[in-house]
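[1] let's see this in three dimensions:
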Amino acid sequence: MLTKEIALNIEVGDEEFNRIYPKSIRDLSQFQWTPLEVAKLAAKYLAEIPGKKVLDIGSGVGKFCMIGACCTQGQFNKEQTLLNCRTNYRNLLELVM
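    Numbers count the residues shown, from 1 in each chain. Below is the predicted model of the structure:
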């Protein structure tokens, strides 16, 4: 199973990972999705402490969250629409840093 391979840091290619999605969604991957290795690095950086919460704002099909959940002990959540949310760039940096 791909999740175990990712958790064990066994190399999994983007094309192999993307097969979990229907073809209509897979066709968008080369234009809109973060490469698997980049997602792993970002996830490990953002969730270096077990239990750290990471919110993927504006996420698409959830690839980043799935990868993050596989390769860290963080809690990954995705959100596509934020209603009645007030924030600015500075606030987001404070949350991450």
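
[2] what comes up buried for the longest helix along the chain?
    Among all segments of the chain classified by DSSP state H, the helix with the greatest residue count is helix 36-46. By 16 or more other Cβ atoms under 10 Å, the buried positions in helix 36-46 come out as 36, 39-40, 42-43, 46. From N, CA and C alone the C-beta is placed, and that goes for glycine too.

[3] give me the most central residue, the protein.
    Centrality entry for the chain: nearest residue to the mean C-alpha point is F64, 1.4 Å, by Cα atoms, centre = their mean.

[4] thinking again about what came up before, pick out the lowest-pLDDT one from the buried residues of helix 36-46.
    When those are compared on pLDDT, L36 comes out least confident, at 87.

[5] against C71, how distant is it?
    Separation of L36 from C71 (Cβ to Cβ, to the nearest Å): 10 Å.

[6] now Y45
    When distances are taken as Cβ to Cβ, Y45 and C71 turn out to be 11 Å apart.

[7] tell me which helix or strand in this protein has the weakest average pLDDT.
    helix 89-96 (a mean of 48; mean pLDDT, DSSP states H and E).

[8] list the contacts of the nearest residue to G62 once chain neighbours are set aside.
    Leaving aside its sequence neighbours, G62 sits nearest to K78 (Cβ to Cβ, 6 or more residues apart in numbering; 5.1 Å). Residues in contact with K78 (Cβ atoms under 8 Å, 6 or more residues apart in numbering) are 55-56, 59, 62, 64-65.

[9] ranges for the strands of the chain?
    When assigned using DSSP state E, the strands of the chain occupy the ranges 53-57, 75-79.

[10] go through the ones you listed and find the least confident stretch.
    strand 75-79 (a mean of 82).

[11] run the chain-centre distance for that strand.
    Between the mean C-alpha point of strand 75-79 and the mean C-alpha point of its chain there is a distance of 8 Å (Cα atoms, centre = their mean, to the nearest Å).

[12] what is the longest helix of the chain packed up against?
    helix 63-71 (3 or more Cβ pairs under 8 Å, 6 or more residues apart in numbering; DSSP states H and E).

[13] contacts for the helix it packs on?
    By Cβ under 8 Å, 6+ apart, the surrounding residues in contact with helix 63-71 are 3, 6-7, 9, 17, 33-34, 36, 39-40, 42-44, 46-47, 54, 56, 59, 74-78.
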